[in-house]
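S.K.: The amino acid sequence is not available; the structure is as follows:
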(Lines give C-alpha, C1' and ligand atoms only; values in the text may rest on other atoms or scores of the structure.)
Protein backbone atom coordinates (compact mmCIF):
# COMPACT_ATOMS: atom_id res chain seq x y z
CA UNK A 1 0.00 0.00 0.00
CA UNK A 2 1.26 3.48 -0.87
CA UNK A 3 1.78 5.88 2.01
CA UNK A 4 -0.49 8.35 0.18
CA UNK A 5 -3.39 5.94 0.71
CA UNK A 6 -2.86 5.99 4.47
CA UNK A 7 -4.17 8.47 7.01
CA UNK A 8 -2.19 9.63 10.04
CA UNK A 9 -3.87 10.88 13.21
CA UNK A 10 -1.58 13.05 15.34
CA UNK A 11 -2.74 13.85 18.87
CA UNK A 12 -0.54 16.53 20.48
CA UNK A 13 -1.48 16.30 24.13
CA UNK A 14 -0.20 18.03 27.24
CA UNK A 15 1.77 14.99 28.37
CA UNK A 16 2.45 13.08 25.15
CA UNK A 17 2.15 12.92 21.38
CA UNK A 18 0.32 9.92 19.89
CA UNK A 19 0.65 9.05 16.20
CA UNK A 20 -1.54 6.38 14.59
CA UNK A 21 -1.31 5.28 10.95
CA UNK A 22 -4.23 3.48 9.32
CA UNK A 23 -6.87 3.36 6.64
CA UNK A 24 -10.59 2.71 6.43
CA UNK A 25 -12.14 -0.55 5.30
CA UNK A 26 -15.38 -0.65 3.34
CA UNK A 27 -17.32 -1.86 6.36
CA UNK A 28 -16.35 1.27 8.30
CA UNK A 29 -13.66 -0.32 10.45
CA UNK A 30 -10.27 1.33 10.92
CA UNK A 31 -7.26 -0.81 10.03
CA UNK A 32 -4.37 0.37 12.22
CA UNK A 33 -0.90 -0.51 10.90
CA UNK A 34 1.36 1.84 12.90
CA UNK A 35 1.39 3.32 16.40
CA UNK A 36 3.89 5.61 18.10
CA UNK A 37 4.03 7.91 21.10
CA UNK A 38 6.49 10.24 22.80
CA UNK A 39 6.44 12.48 25.86
CA UNK A 40 6.17 16.23 25.34
CA UNK A 41 8.00 17.11 28.55
CA UNK A 42 6.88 20.61 29.46
CA UNK A 43 6.44 21.64 25.82
CA UNK A 44 2.65 21.84 26.14
CA UNK A 45 0.69 23.64 28.87
CA UNK A 46 -3.08 23.25 29.22
CA UNK A 47 -3.28 21.87 25.69
CA UNK A 48 -1.34 24.76 24.12
CA UNK A 49 2.20 24.53 22.73
CA UNK A 50 4.72 26.61 24.69
CA UNK A 51 8.00 25.10 23.43
CA UNK A 52 8.23 24.57 19.66
CA UNK A 53 11.51 22.64 19.81
CA UNK A 54 10.37 20.09 22.40
CA UNK A 55 7.02 19.47 20.72
CA UNK A 56 8.61 19.16 17.28
CA UNK A 57 11.00 16.53 18.62
CA UNK A 58 8.13 14.63 20.28
CA UNK A 59 6.19 14.68 16.98
CA UNK A 60 9.22 13.37 15.09
CA UNK A 61 9.80 10.61 17.66
CA UNK A 62 6.14 9.50 17.71
CA UNK A 63 5.78 9.53 13.91
CA UNK A 64 9.10 7.75 13.40
CA UNK A 65 8.03 4.98 15.79
CA UNK A 66 4.71 4.59 13.96
CA UNK A 67 6.47 4.58 10.58
CA UNK A 68 8.82 1.81 11.69
CA UNK A 69 5.91 -0.34 12.84
CA UNK A 70 3.97 0.28 9.60
CA UNK A 71 7.09 0.17 7.37
CA UNK A 72 6.02 3.31 5.51
CA UNK A 73 7.05 6.96 5.32
CA UNK A 74 4.25 9.46 5.84
CA UNK A 75 4.09 13.10 4.82
CA UNK A 76 0.61 14.27 5.80
CA UNK A 77 -1.24 14.31 9.10
CA UNK A 78 -4.55 15.25 10.67
CA UNK A 79 -3.89 17.03 13.95
CA UNK A 80 -6.06 17.50 17.02
CA UNK A 81 -6.40 20.81 18.85
CA UNK A 82 -7.70 21.65 22.34
CA UNK A 83 -7.11 24.21 25.07
CA UNK A 84 -8.76 27.07 26.90
CA UNK A 85 -8.44 29.24 23.77
CA UNK A 86 -11.17 27.15 22.10
CA UNK A 87 -14.55 28.88 21.88
CA UNK A 88 -17.84 27.75 20.42
CA UNK A 89 -21.29 29.16 19.75
CA UNK A 90 -24.43 28.41 17.81
CA UNK A 91 -25.64 30.57 14.94
CA UNK A 92 -28.30 30.57 12.24
CA UNK A 93 -28.57 31.88 8.72
CA UNK A 94 -31.73 32.40 6.66
CA UNK A 95 -32.10 32.77 2.89
CA UNK A 96 -34.96 32.98 0.40
CA UNK A 97 -35.05 30.22 -2.22
CA UNK A 98 -34.81 31.60 -5.74
CA UNK A 99 -36.02 30.11 -9.00
CA UNK A 100 -39.44 29.20 -10.36
CA UNK A 101 -39.56 25.70 -8.88
CA UNK A 102 -38.15 26.73 -5.44
CA UNK A 103 -35.97 23.62 -5.30
CA UNK A 104 -33.16 23.91 -2.76
CA UNK A 105 -29.65 23.52 -4.21
CA UNK A 106 -26.19 23.16 -2.71
CA UNK A 107 -25.66 26.84 -3.46
CA UNK A 108 -28.69 27.72 -1.30
CA UNK A 109 -27.25 25.73 1.59
CA UNK A 110 -23.93 27.49 1.05
CA UNK A 111 -25.60 30.90 1.24
CA UNK A 112 -27.51 29.95 4.42
CA UNK A 113 -24.37 28.67 6.12
CA UNK A 114 -22.40 31.72 5.00
CA UNK A 115 -25.11 33.93 6.52
CA UNK A 116 -24.84 31.96 9.77
CA UNK A 117 -21.09 32.55 9.73
CA UNK A 118 -21.35 36.28 9.08
CA UNK A 119 -24.12 36.68 11.68
CA UNK A 120 -21.54 36.31 14.45
CA UNK A 121 -18.55 38.42 15.35
CA UNK A 122 -15.27 36.50 15.59
CA UNK A 123 -12.35 38.27 17.32
CA UNK A 124 -9.39 38.96 15.04
CA UNK A 125 -7.17 36.61 17.06
CA UNK A 126 -9.57 33.68 16.54
CA UNK A 127 -10.05 31.48 13.45
CA UNK A 128 -12.90 29.12 12.57
CA UNK A 129 -11.98 25.45 13.05
CA UNK A 130 -15.36 23.86 12.30
CA UNK A 131 -18.81 24.82 11.09
CA UNK A 132 -20.93 21.83 12.11
CA UNK A 133 -24.59 21.53 11.04
CA UNK A 134 -27.19 21.19 13.79
CA UNK A 135 -30.28 21.14 11.59
CA UNK A 136 -31.95 22.81 8.64
CA UNK A 137 -35.44 24.28 8.57
CA UNK A 138 -37.39 24.52 5.31
CA UNK A 139 -40.31 26.92 5.73
CA UNK A 140 -41.80 25.54 8.98
CA UNK A 141 -40.43 22.01 8.70
CA UNK A 142 -37.69 21.38 11.28
CA UNK A 143 -35.04 18.71 11.99
CA UNK A 144 -33.97 18.32 8.36
CA UNK A 145 -30.49 16.84 7.92
CA UNK A 146 -30.07 17.38 4.18
CA UNK A 147 -32.39 19.92 2.50
CA UNK A 148 -30.90 19.63 -1.02
CA UNK A 149 -33.64 18.73 -3.51
CA UNK A 150 -36.50 19.76 -1.23
CA UNK A 151 -38.97 22.43 -2.28
CA UNK A 152 -39.53 25.53 -0.18
CA UNK A 153 -39.39 29.31 -0.14
CA UNK A 154 -37.23 29.82 2.96
CA UNK A 155 -34.19 27.92 4.20
CA UNK A 156 -32.68 28.25 7.65
CA UNK A 157 -29.33 26.72 8.60
CA UNK A 158 -28.59 26.20 12.29
CA UNK A 159 -24.91 25.52 12.88
CA UNK A 160 -22.39 25.04 15.66
CA UNK A 161 -19.22 27.07 15.10
CA UNK A 162 -15.93 26.24 16.81
CA UNK A 163 -13.07 28.74 16.83
CA UNK A 164 -9.53 28.67 18.18
CA UNK A 165 -6.62 31.06 18.62
CA UNK A 166 -4.83 31.72 15.34
CA UNK A 167 -1.45 31.59 17.09
CA UNK A 168 -2.23 28.21 18.70
CA UNK A 169 -3.02 26.73 15.30
CA UNK A 170 0.01 28.37 13.70
CA UNK A 171 2.27 26.84 16.34
CA UNK A 172 0.79 23.37 15.78
CA UNK A 173 1.34 23.71 12.06
CA UNK A 174 4.87 25.09 12.49
CA UNK A 175 5.84 22.11 14.65
CA UNK A 176 4.51 19.70 12.02
CA UNK A 177 6.17 21.55 9.15
CA UNK A 178 9.51 21.54 11.01
CA UNK A 179 9.02 17.78 11.41
CA UNK A 180 8.57 17.61 7.58
CA UNK A 181 4.83 16.93 7.81
CA UNK A 182 2.01 18.66 5.95
CA UNK A 183 -1.14 19.37 7.95
CA UNK A 184 -4.25 18.22 6.13
CA UNK A 185 -6.58 19.67 8.76
CA UNK A 186 -6.73 20.81 12.36
CA UNK A 187 -9.58 19.09 14.21
CA UNK A 188 -11.16 19.77 17.59
CA UNK A 189 -9.92 16.95 19.81
CA UNK A 190 -13.22 15.95 21.47
CA UNK A 191 -14.89 15.96 18.04
CA UNK A 192 -12.19 13.60 16.76
CA UNK A 193 -12.57 11.43 19.89
CA UNK A 194 -16.33 11.24 19.34
CA UNK A 195 -15.70 9.72 15.92
CA UNK A 196 -13.86 6.79 17.47
CA UNK A 197 -15.73 6.05 20.72
CA UNK A 198 -19.38 7.00 20.11
CA UNK A 199 -21.93 5.00 18.15
CA UNK A 200 -24.34 6.66 15.73
CA UNK A 201 -27.25 5.53 17.91
CA UNK A 202 -25.77 7.33 20.92
CA UNK A 203 -25.37 10.54 18.91
CA UNK A 204 -28.96 10.36 17.70
CA UNK A 205 -30.38 9.63 21.14
CA UNK A 206 -28.37 12.34 22.88
CA UNK A 207 -24.97 11.77 24.46
CA UNK A 208 -22.17 13.68 26.17
CA UNK A 209 -18.49 12.93 25.55
CA UNK A 210 -16.02 14.02 28.24
CA UNK A 211 -12.36 13.67 27.26
CA UNK A 212 -10.08 14.02 30.30
CA UNK A 213 -6.53 14.61 29.16
CA UNK A 214 -3.44 15.74 31.00
CA UNK A 215 -3.95 19.50 30.74
CA UNK A 216 -7.56 19.91 29.61
CA UNK A 217 -10.97 18.33 30.03
CA UNK A 218 -13.02 18.65 26.85
CA UNK A 219 -16.75 18.19 26.46
CA UNK A 220 -19.00 17.78 23.45
CA UNK A 221 -22.78 17.25 23.41
CA UNK A 222 -24.68 15.47 20.63
CA UNK A 223 -28.42 15.55 20.02
CA UNK A 224 -30.25 14.15 17.00
CA UNK A 225 -26.90 13.10 15.60
CA UNK A 226 -25.38 16.60 15.63
CA UNK A 227 -23.11 18.67 17.87
CA UNK A 228 -25.02 21.24 19.92
CA UNK A 229 -22.29 22.33 22.35
CA UNK A 230 -18.54 22.00 22.93
CA UNK A 231 -16.32 23.24 25.73
CA UNK A 232 -12.74 22.99 26.97
CA UNK A 233 -11.70 23.43 30.61
CA UNK A 234 -8.01 24.08 31.44
CA UNK A 235 -7.82 21.32 34.04
CA UNK A 236 -6.99 17.63 33.71
CA UNK A 237 -4.99 14.71 35.02
CA UNK A 238 -1.83 16.78 35.61
CA UNK A 239 -3.72 18.81 38.20
CA UNK A 240 -4.47 15.60 40.07
CA UNK A 241 -0.76 14.76 39.92
CA UNK A 242 0.19 18.19 41.27
CA UNK A 243 -2.37 17.85 44.08
CA UNK A 244 -0.78 14.52 45.08
CA UNK A 245 2.73 16.01 44.96
CA UNK A 246 1.71 18.87 47.25
CA UNK A 247 -0.48 16.79 49.54
CA UNK A 248 2.06 14.01 50.05
CA UNK A 249 5.14 16.28 49.84
CA UNK A 250 6.73 14.27 47.07
CA UNK A 251 8.07 14.89 43.57
CA UNK A 252 5.83 15.27 40.53
CA UNK A 253 7.32 12.13 38.97
CA UNK A 254 6.59 10.11 42.12
CA UNK A 255 3.09 11.58 42.33
CA UNK A 256 2.35 10.57 38.73
CA UNK A 257 3.57 7.03 39.41
CA UNK A 258 1.43 6.77 42.57
CA UNK A 259 -1.61 8.07 40.68
CA UNK A 260 -1.26 5.52 37.90
CA UNK A 261 -0.51 2.56 40.18
CA UNK A 262 -2.71 3.24 43.20
CA UNK A 263 -4.99 6.13 42.25
CA UNK A 264 -8.70 5.85 43.08
CA UNK A 265 -11.22 8.49 42.04
CA UNK A 266 -14.11 7.24 44.18
CA UNK A 267 -13.77 6.21 47.84
CA UNK A 268 -15.98 3.14 47.36
CA UNK A 269 -13.03 1.48 45.59
CA UNK A 270 -10.47 2.05 48.34
CA UNK A 271 -8.57 -1.00 49.52
CA UNK A 272 -8.18 -0.31 53.25
CA UNK A 273 -5.21 -2.68 53.46
CA UNK A 274 -3.32 -1.05 50.58
CA UNK A 275 -0.16 0.74 51.73
CA UNK A 276 2.59 2.33 49.67
CA UNK A 277 5.99 3.91 50.16
CA UNK A 278 6.11 7.58 49.15
CA UNK A 279 9.49 9.21 48.38
CA UNK A 280 9.98 12.33 50.48
CA UNK A 281 10.81 15.33 48.27
CA UNK A 282 14.39 16.55 48.61
CA UNK A 283 15.67 13.47 50.42
CA UNK A 284 16.32 9.78 49.95
CA UNK A 285 13.79 8.80 52.61
CA UNK A 286 10.30 7.35 52.12
CA UNK A 287 7.24 7.31 54.29
CA UNK A 288 4.20 5.07 54.33
CA UNK A 289 0.89 6.21 52.88
CA UNK A 290 -2.46 4.46 52.51
CA UNK A 291 -4.65 4.33 49.43
CA UNK A 292 -7.28 6.16 51.50
CA UNK A 293 -4.85 9.09 51.92
CA UNK A 294 -4.34 9.15 48.16
CA UNK A 295 -8.07 8.98 47.38
CA UNK A 296 -8.79 11.87 49.73
CA UNK A 297 -6.55 14.02 47.54
CA UNK A 298 -7.76 12.73 44.16
CA UNK A 299 -11.52 12.63 44.68
CA UNK A 300 -12.10 16.37 45.39
CA UNK A 301 -10.24 17.39 42.23
CA UNK A 302 -12.13 14.87 40.08
CA UNK A 303 -15.42 16.03 41.64
CA UNK A 304 -14.49 19.59 40.74
CA UNK A 305 -13.93 18.56 37.11
CA UNK A 306 -17.23 16.68 36.88
CA UNK A 307 -19.17 19.48 38.58
CA UNK A 308 -17.84 21.93 36.00
CA UNK A 309 -18.86 19.54 33.23
CA UNK A 310 -22.36 19.19 34.74
CA UNK A 311 -22.70 22.97 34.82
CA UNK A 312 -21.85 23.10 31.11
CA UNK A 313 -24.31 20.32 30.28
CA UNK A 314 -27.26 21.78 32.21
CA UNK A 315 -26.68 25.21 30.67
CA UNK A 316 -27.43 23.69 27.26
CA UNK A 317 -29.88 20.82 27.78
CA UNK A 318 -31.86 19.14 30.52
CA UNK A 319 -30.39 15.87 31.77
CA UNK A 320 -33.43 13.89 30.61
CA UNK A 321 -32.50 14.87 27.03
CA UNK A 322 -29.28 12.81 27.31
CA UNK A 323 -30.71 9.26 27.36
CA UNK A 324 -27.43 7.73 26.11
CA UNK A 325 -25.65 9.24 29.10
CA UNK A 326 -21.97 10.16 29.28
CA UNK A 327 -18.94 8.54 27.68
CA UNK A 328 -15.61 9.18 29.42
CA UNK A 329 -12.40 8.96 27.45
CA UNK A 330 -8.83 10.22 27.66
CA UNK A 331 -6.03 8.77 29.78
CA UNK A 332 -7.36 10.01 33.13
CA UNK A 333 -10.63 8.13 32.59
CA UNK A 334 -8.68 4.90 33.17
CA UNK A 335 -8.34 5.70 36.87
CA UNK A 336 -10.22 3.24 39.08
CA UNK A 337 -13.64 4.55 40.09
CA UNK A 338 -13.65 7.39 37.56
CA UNK A 339 -16.88 6.38 35.75
CA UNK A 340 -18.63 5.69 39.06
CA UNK A 341 -17.72 9.10 40.49
CA UNK A 342 -18.81 10.74 37.23
CA UNK A 343 -22.14 8.90 37.40
CA UNK A 344 -22.77 10.13 40.94
CA UNK A 345 -21.67 13.70 40.15
CA UNK A 346 -23.49 14.06 36.82
CA UNK A 347 -26.65 12.12 37.55
CA UNK A 348 -26.35 10.26 34.24
CA UNK A 349 -25.26 6.75 33.22
CA UNK A 350 -21.52 6.70 32.42
CA UNK A 351 -19.23 4.32 30.54
CA UNK A 352 -15.60 4.44 29.47
CA UNK A 353 -15.04 5.13 25.80
CA UNK A 354 -12.69 2.86 23.86
CA UNK A 355 -12.05 3.16 20.09
CA UNK A 356 -14.66 1.10 18.21
CA UNK A 357 -14.40 -1.03 15.06
CA UNK A 358 -10.62 -1.48 15.01
CA UNK A 359 -8.65 -4.09 13.06
CA UNK A 360 -4.92 -4.55 12.63
CA UNK A 361 -3.01 -3.41 15.73
CA UNK A 362 -6.19 -3.45 17.77
CA UNK A 363 -4.54 -4.34 21.07
CA UNK A 364 -2.19 -1.33 20.77
CA UNK A 365 -4.85 1.36 20.37
CA UNK A 366 -7.98 0.02 22.06
CA UNK A 367 -7.58 2.40 24.99
CA UNK A 368 -9.08 5.82 25.86
CA UNK A 369 -5.53 7.18 25.48
CA UNK A 370 -5.79 6.74 21.69
CA UNK A 371 -9.38 7.98 21.26
CA UNK A 372 -8.36 11.22 19.56
CA UNK A 373 -5.64 9.85 17.25
CA UNK A 374 -7.86 6.97 16.07
CA UNK A 375 -10.79 9.36 15.61
CA UNK A 376 -8.59 11.59 13.46
CA UNK A 377 -8.15 8.69 11.03
CA UNK A 378 -11.92 8.31 10.72
CA UNK A 379 -12.27 12.07 10.27
CA UNK A 380 -9.53 12.06 7.66
CA UNK A 381 -11.18 9.25 5.71
CA UNK A 382 -14.32 11.39 5.35
CA UNK A 383 -12.59 14.65 4.52
CA UNK A 384 -9.44 13.61 2.70
CA UNK A 385 -8.18 16.13 0.14
CA UNK A 386 -5.56 14.94 -2.31
CA UNK A 387 -3.78 18.30 -2.58
CA UNK A 388 -3.84 20.30 0.65
CA UNK A 389 -3.90 24.08 0.38
CA UNK A 390 -0.65 25.99 0.39
CA UNK A 391 0.31 27.36 3.81
CA UNK A 392 -1.61 30.53 4.66
CA UNK A 393 -3.03 31.68 7.95
CA UNK A 394 -3.58 28.06 8.84
CA UNK A 395 -0.65 26.67 6.87
CA UNK A 396 -2.16 23.95 4.69
CA UNK A 397 -5.44 23.44 6.53
CA UNK A 398 -8.29 22.37 4.28
CA UNK A 399 -10.44 25.27 3.09
CA UNK A 400 -13.43 25.00 5.44
CA UNK A 401 -15.95 26.43 3.08
CA UNK A 402 -14.96 24.86 -0.23
CA UNK A 403 -15.28 21.44 1.40
CA UNK A 404 -18.45 22.34 3.30
CA UNK A 405 -20.99 20.21 1.45
CA UNK A 406 -18.78 17.16 1.17
CA UNK A 407 -18.37 17.34 4.94
CA UNK A 408 -22.00 18.06 5.77
CA UNK A 409 -23.41 15.19 3.80
CA UNK A 410 -20.52 12.72 3.68
CA UNK A 411 -22.40 10.24 5.86
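M.R.: Arrived safely. Remember, predicted model here, so these are calculated numbers, not experimental data.
S.K.: what's the offset of the lengthiest helix in the chain from the middle of its chain?
M.R.: Determined from DSSP state H, the single longest helix within the chain is helix 291-316. Relative to its chain's centre, helix 291-316 lies at 20 Å (C-alpha atoms, centre = their mean, to the nearest Å).
S.K.: Show me what that helix is packed against.
M.R.: strand 207-212, strand 217-223, strand 226-233, helix 237-248, helix 252-262, strand 275-279, helix 338-346 (3 or more C-beta pairs under 8 Å, 6 or more residues apart in numbering; DSSP states H and E). Glycine gets a C-beta too; all of them are placed from N, C-alpha and C.
S.K.: and the shortest one, what other elements does it pack with?
M.R.: Helices and strands in packing contact with strand 275-279 are listed as helix 252-262, strand 286-290, helix 291-316; criterion 3+ C-beta pairs under 8 Å, 6+ apart.
S.K.: how does it look with 10 Å?
M.R.: helix 237-248, helix 252-262, strand 286-290, helix 291-316 (3 or more C-beta pairs under 10 Å, 6 or more residues apart in numbering; DSSP states H and E).
S.K.: did I read that right, residue 363 in a helix?
M.R.: Yes. Checked against DSSP: H, G, I helix; E, B strand; the rest coil, residue 363 lies within a helix.
S.K.: Sketch out the strands for the stretch 51-200 of the chain, chain order is fine.
M.R.: For the stretch 51-200 of the chain, applying DSSP state E, counting those that start in this stretch gives strands covering 76-81, 87-96, 126-138, 141-144, 154-165, 182-188.
S.K.: Can you lay out the ones you listed as a markdown table showing distance to residue 239, mean pLDDT and mean neighbour count?
M.R.: Below are those laid out as a markdown table (distance: least, C-beta to C-beta, whole Å; pLDDT from 0 to 100; neighbours: other C-beta atoms under 10 Å):
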| stretch | distance to residue 239 | mean pLDDT | mean neighbour count |
| --- | --- | --- | --- |
| strand 76-81 | 20 | 96 | 26 |
| strand 87-96 | 22 | 94 | 17 |
| strand 126-138 | 25 | 93 | 20 |
| strand 141-144 | 40 | 90 | 13 |
| strand 154-165 | 21 | 95 | 22 |
| strand 182-188 | 22 | 95 | 24 |
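S.K.: Just send those strands back as TSV, with distance to residue 284 too.
M.R.: Below are the strands of the stretch 51-200 of the chain laid out as TSV (distance: least, C-beta to C-beta, whole Å):
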stretch	distance to residue 284
strand 76-81	41
strand 87-96	48
strand 126-138	49
strand 141-144	66
strand 154-165	44
strand 182-188	45
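S.K.: still on that earlier bit, so which bits of the longest helix of the chain are buried?
M.R.: By neighbour count on 16 or more other C-beta atoms under 10 Å, the buried set for helix 291-316 is 291, 293-295, 297-299, 301-303, 305-306, 308-310, 312-313, 316.
S.K.: cool, stretch 23-43 as well?
M.R.: The neighbour-count check on stretch 23-43 (16+ other C-beta under 10 Å) flags 23-24, 29-38, 40, 43 as buried.
S.K.: Please apply the same query to stretch 224-241.
M.R.: For stretch 224-241, by 16+ other C-beta under 10 Å, it's 225-241.
S.K.: same check, this time on stretch 325-341
M.R.: 325-339, 341.
S.K.: Of these, which belong to strands?
M.R.: 326-329 (DSSP state E).
S.K.: tell me the domain ranges of the chain?
M.R.: Annotated domains of the chain cover 87-164, 200-353 [automatic domain parsing].
S.K.: Turn these into CSV, including distance to residue 8.
M.R.: As requested, those are arranged in CSV below (distance: least, C-beta to C-beta, whole Å):
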stretch, distance to residue 8
domain 87-164, 19
domain 200-353, 20
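S.K.: out of those, nearest to residue 182?
M.R.: Residue 182 lies closest, by C-beta to C-beta, to one member of the domains of the chain: domain 87-164, at 17.8 Å.
S.K.: Report back the residue of this structure that's furthest from centre.
M.R.: Within the chain, the residue lying farthest from the chain centre (C-alpha atoms, centre = their mean) is residue 100, at 44.4 Å.
S.K.: Next one: it from residue 106, what distance?
M.R.: Per C-beta to C-beta, to the nearest Å, residue 100 is found 18 Å from residue 106.
S.K.: out of the buried residues of stretch 325-341, which one sits closest to residue 369?
M.R.: Checking the buried residues of stretch 325-341 against residue 369 by C-beta to C-beta gives residue 331 as the nearest, at 4.7 Å.
S.K.: so what's the closest one closest to, chain neighbours aside?
M.R.: Sequence neighbours aside, residue 369 is the residue nearest to residue 331 in space, at 4.7 Å (criterion: C-beta to C-beta, 6 or more residues apart in numbering).
S.K.: Surely that neighbour is in a strand?
M.R.: No. Counting by three-state DSSP, one finds residue 369 to be helix, located in no strand.
S.K.: Please give me every residue in contact with it.
M.R.: 11, 13, 15-16, 18, 37, 213, 329-334, 354-355 (C-beta atoms under 10 Å, 6 or more residues apart in numbering).
S.K.: Repeat that for residue 352.
M.R.: So residue 352 contacts 197, 327-330, 333-334, 338-339, 342, 367-368, 371 (C-beta under 10 Å, 6+ apart).
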